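# Here you go, sequence then predicted model.
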Amino acid sequence: MQIYLPIAEVSVNAFLLLGLGGIVGILSGMFGVGGGFLMTPLLFFIGIPPAVAVATEANQIVASSFSGVLAHFKRKTVDLRMGTVLLIGGLVGAGLGVYVFNILKAQGQVDLLVKLCYVVFLGVIGGLMFFESLNAIRNVKKGKAPKRKKHNWIHGLPFKMRFRVSGLYISVIPPLIVGVLVGILAAIMGVGGGFIMVPAMIYLLGMPTKVVVGTSLFQIIFVTAFTTMLHATTNYTVDIVLAVLLLVGGVIGAQIGTRIGVKMKAEQLRILLAMMVLAVCGKLALELLLQPTELYSIAAGGH
């Protein structure tokens, strides 16, 4: 069933979009990531222009994250205080990101920037997570307890706050900075930023993995909703038809994903996520290398 997307100006199969939404929803529920880092490149692959994919995907993330967060609230695995600190940073970052996005869009460079950002970030984060997860699995097999890293410089920072659900007493500065970075990425890359936030919360802030997923989703909802609003009012690149189809699939998938995630071990979840990140990164990098016409058409001001 082919449908025409008015803003994206392309025809796509409605069932394909529902399926993509469902897959990404499952990942969102399992890993606590908005799923945008996979969905946005998948939209590129089926011919949706990057500017439209970024703005519209933020919409779908809100729904699948909201669906996932409800399941986590029931289990009391959301640190609202930490989520709020991350959120304040995220809103500031999203505003900055949309500003940069608009400048680049005016110069016709935005498609290239979005794809390059994906290749760099997915490559770095996927690689780090993969090796870390392998070590964790090896340690579990050997019967070693996982080491909790103490980042002394973080513990020494001022403006400390107690986060009871996470069992932490740390400075609010690191979570604020993480929030700002994630907000910028949400705006430029159309991602919830969970694929950066989840590792940062585990390794940098030292939060327990169980609490990380729900807290990450809580922050993602508000930052991506804010990003969508900014894109819709300044860029007019939000395609409602595309958003609704992704949304329906995403909400159903998130509920399934949350159930699967509870049954799997943290190390297994992380290595699976790392492998998916690296696969998408490889496909995007190949596209950039194999299609130099893209680079020239942008430089020639074809958009």
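Received it, and whenever you're ready, just let me know what you need.

# For the rest of this, base every contact and every neighbour count on C-alpha atoms.
Will do.

# Need the three-state assignment for the residue nearest to Gly167 when sequence neighbours are not counted.
Leaving aside its sequence neighbours, Gly167 sits nearest to Met207 (CA to CA, 6 or more residues apart in numbering; 7.7 Å). Three-state assignment for Met207 (DSSP: H, G, I helix; E, B strand; the rest coil): coil.

# tell me the phi and psi of Met207?
Per-residue torsions, Met207: phi -80, psi 150 (degrees, to the nearest 10).

# Could you give the number of residues near Asp73?
Asp isn't right for residue 73; it's Phe. 15 (other CA atoms under 10 Å).

# after the helix or strand hosting it comes which helix or strand?
Using DSSP states H and E, Phe73 sits in helix 50-74. Downstream of helix 50-74, the next assigned helix or strand under DSSP H and E is helix 80-106.

# So which bits of that next one are buried?
Neighbour-count burial for helix 80-106, counted by 16 or more other CA atoms under 10 Å, picks out 80-99, 101-102, 105.

# Okay, buried residues for the next helix or strand after that helix please.
Scanning forward in sequence from helix 80-106 by DSSP H and E, the next helix or strand is helix 110-142. For helix 110-142, the neighbour count (16+ other CA under 10 Å) marks 110-116, 118-119, 121-123, 125-127, 129-130, 132-133, 136-137 as buried.

# same check, this time on stretch 199-215
Buried-residue list, stretch 199-215, by 16+ other CA under 10 Å: 199-202, 204-215.

# Tell me which two in those are the farthest apart.
Leu204 and Gly214 (17.2 Å; CA to CA).

# What residues of stretch 223-233 count as buried?
For stretch 223-233, using 16+ other CA under 10 Å, the buried residues are 223-231.

# Can you give me every residue that contacts Ser278?
Quick fix: residue 278 reads Leu, not Ser. 122-123, 126-127 (CA atoms under 8 Å, 6 or more residues apart in numbering).

# how much space between it and Met1?
Distance, Leu278 to Met1, by CA to CA, to the nearest Å: 32 Å.

# Can you read off the pLDDT for the residue found closest to His231 once you drop the neighbours it is linked to in the chain?
Spatially, and ignoring its direct neighbours in sequence, His231 is nearest to Ala55 (5.9 Å; CA to CA, 6+ apart). Ala55 carries a pLDDT score of 72 in this model.

# From Gly47, how far off is Ala55?
Ala55 is 15 Å from Gly47, by CA to CA.

# Likewise for Gly89?
Counting by CA to CA - Gly89 and Gly47 are separated by 33 Å.

# picking up where we left off before, got the buried residues for the helix holding Phe73?
By 16+ other CA under 10 Å, the buried positions in helix 50-74 come out as 50-72.

# Against which helices or strands is that helix packed?
helix 14-31, helix 36-45, helix 110-142, helix 173-189, helix 209-234, helix 240-263 (3 or more CA pairs under 8 Å, 6 or more residues apart in numbering; DSSP states H and E).

# where does the stretch 51-200 of the chain dip in pLDDT?
58-60, 64, 144-156, 190-195 (pLDDT under 70).

# Please name the residues that touch Tyr118.
Contacts of Tyr118 (CA under 8 Å, 6+ apart): 37, 189, 281, 284.

# Rebuild these as a markdown table, extending it with distance to Val172.
What follows is these, written out as a markdown table (distance: CA to CA, whole Å):
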| residue | distance to Val172 |
| --- | --- |
| Phe37 | 27 |
| Met189 | 26 |
| Cys281 | 32 |
| Leu284 | 36 |
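
# Lowest-confidence one in these?
Where pLDDT dips furthest among those: Phe37, at 70.

# Report the separation between Ile137 and Leu269.
11 Å.

# Correction: the previous question concerned Asn102.
Look at Asn102 and Leu269: by CA to CA, they are 36 Å apart.

# what do you get for Gly167?
23 Å.
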